[in-house]
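K.L.:
Sequence first, predicted coordinates after that:
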Amino acid sequence: MRYTREEREALARRKEQWILRTERGEDPERVRRELKLPLKASSLPSLKHRYQRGGRKWQALVGRRHGVATKGTAAVKAFLAKAKARHPQLTGAELCVQVWERFELEISLSRLNELLHEAGLSHPAGRPAKGPDKAPADPQREVDHAGAFFPSGRADRTGRAQRRARRD
């Protein structure tokens with residue numbers, strides 16, 4: 001979700017109020033709900049740290065990304081396209097490792113698969129079709145074993161045949 005500059009500043013001011021009110025002893029969860037902050041209470045210590053480091057000014061709490069992608073950048077997308085062009089059978093897990101080695105960027109497998117899908121580089125869903133080299137060696141052998149399975153031994157082992165005969 002993208003915010004305007006004014007919305008980001010208003011959110012930073014509400015974060016500052018959350019920090020100041022909890023420092024005065026108010027309940028962090030209640031204050032968070034009152035200020036309608038879309039954060040978890042567990043993020044409060046890191047916000048306090050940023051606030052302290054920034055000279056106790058609300059500007060230190062302004063969102064830092066401003067809607068800019070950090071993991072699906074153009075460089076990462078170009079790298080994925082080149083890697084898939086060279087080796088189309090690379091798996092997502094292998095590509096995650098290569099992205100880490102190249103960019104030192106830890107990207108989740110699901111995010112990587114989203115990027116591949118957006119670029120049209122993902123494999124089709126389902127099992128791969130059998131090609132001419134994967135066809136069975138003897139097509140007759142496939143048909144030989146089709147049909148019912150008959151266990152060896154007596155046919156009336158369960159006594160079921162005898163019970164049916166008695167009913168008739």
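P.N.:
Looks like it arrived, so ask away.

K.L.:
Give the burial count for Arg24, as a bare number.
P.N.:
Counted with other Cβ atoms under 10 Å, the neighbours of Arg24 add up to 7. For every residue, glycine as well, the C-beta is placed using N, CA and C.

K.L.:
Glu104 too?
P.N.:
There are 7 residues near Glu104, going by other Cβ under 10 Å.

K.L.:
need the helix or strand of the chain with the lowest average pLDDT.
P.N.:
The helix or strand of the chain with the poorest confidence is helix 139-144; it has a mean of 58 (mean pLDDT, DSSP states H and E).

K.L.:
what is the mean pLDDT for the helix or strand harbouring Val97?
P.N.:
If you go by DSSP states H and E, Val97 is part of helix 92-103. Averaging pLDDT along helix 92-103 yields 91.

K.L.:
how far is that helix from where the chain is centred?
P.N.:
Computed by Cα atoms, centre = their mean, to the nearest Å, the chain-centroid distance of helix 92-103 equals 15 Å.

K.L.:
Check what pLDDT Met1 gets.
P.N.:
49.

K.L.:
Ala75: how many residues sit nearby?
P.N.:
Residue neighbour count, defined by other Cβ under 10 Å, stands at 10 for Ala75.
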